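Peer 1: Need the 3D shape of this:
(one chain, ligands or ions: 2)
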Amino acid sequence: MRPVTDWDPRSWRGRPALQQPEWPDEAAHEAVLKEMGNLPPLVFAGEARDLTESLAAVSRGEAFLLQAGDCAESFDTSADSIRDRLRVILQMSVVLTYFTGVPVVKVGRIAGQFAKPRSSSTETIGDVELPAFRGHIVNDSGFTEGERTADPTRLLTAYNRAAATLNLLRAFTKGGFADLSRVHQWNREFVAASPAGQRYEDLAAEIDRAVQFMRACGVTSERLSELRQVDFFTSHEALLLGYEEALTRRDSLTGGWYDCSAHMLWIGDRTRQLDGAHVEFLRGVHNPLGCKVGPSATTHEVLALCEALNPDRVPGRLTLITRIGATKVVDALPPLLEAVRDSGHPVVWVCDPMHGNTFTTDDGHKTRHFDDVLAEVSGFFAAHRFVGTNPGGIHLELTGDDVTECLGGGADVAAADLEHRYETMCDPRLNGMQSVDLAFRLAEFLRNGRE
Ligand code: PEP
Ligand code: CO
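Peer 2: Ligands and ions are numbered 1, 2, ... in the order given. Down below sits the predicted model:
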């Protein structure tokens, strides 16, 4: 990618920036940003370039992208919970690779996914109106004035939490936890108890036999480092532009600017305006980018986003994450696919089957049904098959924990079960069992697509 001219890390400040909190003391906010500008980068430019290369392989149909994690990370997340989210992503990758023979590019919604766009800037309970909860990077979820007031010192806490999470992920993925010979140990008891978990056990036994066979032939996993370690990348929605700007650094090797808060950044469906601050900021950083594409997106807008964010048409640079809804995807997606195909833009197409399928139950739980998630995935694959384009990956909100936030799936969570373990701070996530179940279904779609 060539350096972007008429751009600098502050040029977004001249554009309308939606979804930014109201900081009570703007000077205090700017002081924190200044301090952050001197902190070490969280990721390195070379790693972001490696991810662009891997995503280029996805755009050619030679790999599959699995992007997954929390809707909103909490500052209180435990090390066990981080490990279990990684564990379920590794399980899903093994299922997908085993059945499709294609490598899986693993990208977490993790180590920085702290900021949330909201449909309303305030929340009213009874006759009390307070600022909306915007994620732990801004304020707290409790409904008091103190908790809801935006606090810029939270930006520093977010940086520190992201650094600690990333450190743990690097240790897990490079230090033995991700070794393929541990494939059985990734299956937690509550997952193993489900039909998908049983199926996973059978698959793990086959992988074990293959690893033993290689060992018997003299290929130990110590020698074959690909079996011991995995590449795991981080991503989040680049929502708070002050935070992203403060972590943007010029790469000494290439001279290009990189947003060093994560390997990959995406623009949300609410902030993808062509003349808006988010598009302006992200068009200038050299990280691989995502952009959400919701049901209101027109072909004209999508093509203009491709031109704005990837004018040089670099493969792997731009991932379009469609989140259209199960009932609309079959009609709405093909025209977008055709237009982008005809324009020659090399995008990675990814299906987010979560955000277009959210509803609220009678007793007030925001939820999603596993069958709707599956239906959008099915429609996504059908649309690509119809147009002759490449279904590149999936974008999910999940946790490794045994929560009850989404309906249906492996253990058939019912509406009455939602209250048992409803722990999300924002959107409902698939639990470990539902995630492994989805991986098997996805593998079938992918295999059928390749036949
Ligand atoms: C999200 O990914 O959590 C989100 C808010 O998505 P979208 O921008 O697609 O609504
Ligand atoms: Co969400």
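Peer 1: Spatially nearest residue to the closest residue to ligand 2 within the stretch 51-200 of the chain (excluding sequence neighbours)?
Peer 2: Residue of the stretch 51-200 of the chain nearest ligand 2, by Cβ to the ion: residue 71 (3.5 Å). In this view, the C-beta of every residue, glycine as well, is placed from N, C-alpha and C. Counting by Cβ to Cβ, 6 or more residues apart in numbering, residue 427 is the residue found nearest to residue 71 once chain neighbours are left out, at 3.8 Å.
Peer 1: before we move on, what about residue 291?
Peer 2: Ranked by Cβ to Cβ, 6+ apart and with sequence neighbours excluded, the top spatial neighbour of residue 291 is residue 267, at 4.6 Å.
Peer 1: Please verify my assumption that that neighbour contacts residue 280.
Peer 2: No: Residue 267 lies out of contact with residue 280 (Cβ atoms under 8 Å); the separation is 10.6 Å.
Peer 1: host element of residue 426?
Peer 2: Using DSSP states H and E, residue 426 maps to neither a helix nor a strand.
Peer 1: now do residue 202
Peer 2: helix 195-216.
Peer 1: likewise residue 160?
Peer 2: Assigned by DSSP H and E, residue 160 falls in helix 153-174.
Peer 1: just residue 88 next, same as before
Peer 2: helix 79-100.
Peer 1: Buried residues, that helix. List them.
Peer 2: Neighbour-count burial for helix 79-100 flags 81-82, 84-100 (criterion: 16 or more other Cβ atoms under 10 Å).
Peer 1: In contact with the residue of the chain found nearest ligand 1, which residues?
Peer 2: Closest to ligand 1 within the chain is residue 268: 3.1 Å, counting by Cβ to the nearest ligand atom. By Cβ atoms under 8 Å, 6 or more residues apart in numbering, the residues touching residue 268 are 19, 117, 237, 239, 278, 292.
Peer 1: Could I get the contacting residues of the nearest residue to residue 314 once chain neighbours are set aside?
Peer 2: Leaving aside its sequence neighbours, residue 314 sits nearest to residue 1 (Cβ to Cβ, 6+ apart; 4.9 Å). Contacts for residue 1 were tallied using Cβ under 8 Å, 6+ apart; they are 256, 286, 312, 314, 317.
Peer 1: Among the residues you listed, which one has the most neighbours?
Peer 2: Neighbour tally across the contacts of residue 1 (other Cβ atoms under 10 Å): the maximum, 24 neighbours, falls on residue 317.
Peer 1: Run through who's touching the helix holding residue 160.
Peer 2: For helix 153-174, using Cβ under 8 Å, 6+ apart, the contacting residues are 29, 32-33, 35-36, 39, 42-43, 73, 75, 77, 79, 82-83, 86, 108, 110-112, 114, 136-139, 177-178, 229-232, 234, 240, 242-243, 246-247, 261-262.
Peer 1: Which of the residues you listed fall within helices?
Peer 2: 29, 32-33, 35-36, 79, 82-83, 86, 242-243, 246 (DSSP state H).
Peer 1: Determine which two of these are furthest apart.
Peer 2: 29 and 83 (33.7 Å; Cβ to Cβ).
Peer 1: Give the buried residues for stretch 271-284.
Peer 2: 271-273, 276-284.
Peer 1: what's the answer for stretch 40-59, then?
Peer 2: So for stretch 40-59, counting by 16+ other Cβ under 10 Å, buried means 42-43, 45, 47-49, 51-52, 54-59.
Peer 1: Now flag whichever of these is closest to residue 414.
Peer 2: For those, the nearest to residue 414 is residue 58 (36.4 Å; Cβ to Cβ).
Peer 1: Isn't the closest one up against residue 67?
Peer 2: No: taking contacts as Cβ under 8 Å, residue 58 lies outside contact range of residue 67: 10.6 Å.
Peer 1: Can you pull the residues that touch both of the two?
Peer 2: Common neighbours of residue 58 and residue 67 (criterion: Cβ under 8 Å, 6+ apart): residue 393.
Peer 1: hang on, the earlier thing: restricted to buried residues, select the contacts of helix 153-174 in PyMOL.
Peer 2: The PyMOL selection below is limited to those of the contacts of helix 153-174 classed as buried (16+ other Cβ under 10 Å):
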select buried, resi 29+32+33+36+42+43+73+77+82+86+108+110+111+112+114+136+137+138+139+177+178+229+230+231+232+234+240+242+243+246+247+261+262
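Peer 1: Contact partners for the residue in the stretch 301-450 of the chain that ligand 2 sits nearest to?
Peer 2: Of all residues in the stretch 301-450 of the chain, residue 427 sits closest to ligand 2, at 3.5 Å by Cβ to the ion. By Cβ under 8 Å, 6+ apart, the residues touching residue 427 are 71-72, 354-355, 358, 366, 368, 397.
Peer 1: How about residue 136?
Peer 2: 72-75, 114, 154, 157-158, 425.
Peer 1: Give me the nearest residue to it, chain neighbours excluded.
Peer 2: Spatially, and ignoring its direct neighbours in sequence, residue 136 is nearest to residue 75 (4.5 Å; Cβ to Cβ, 6+ apart).
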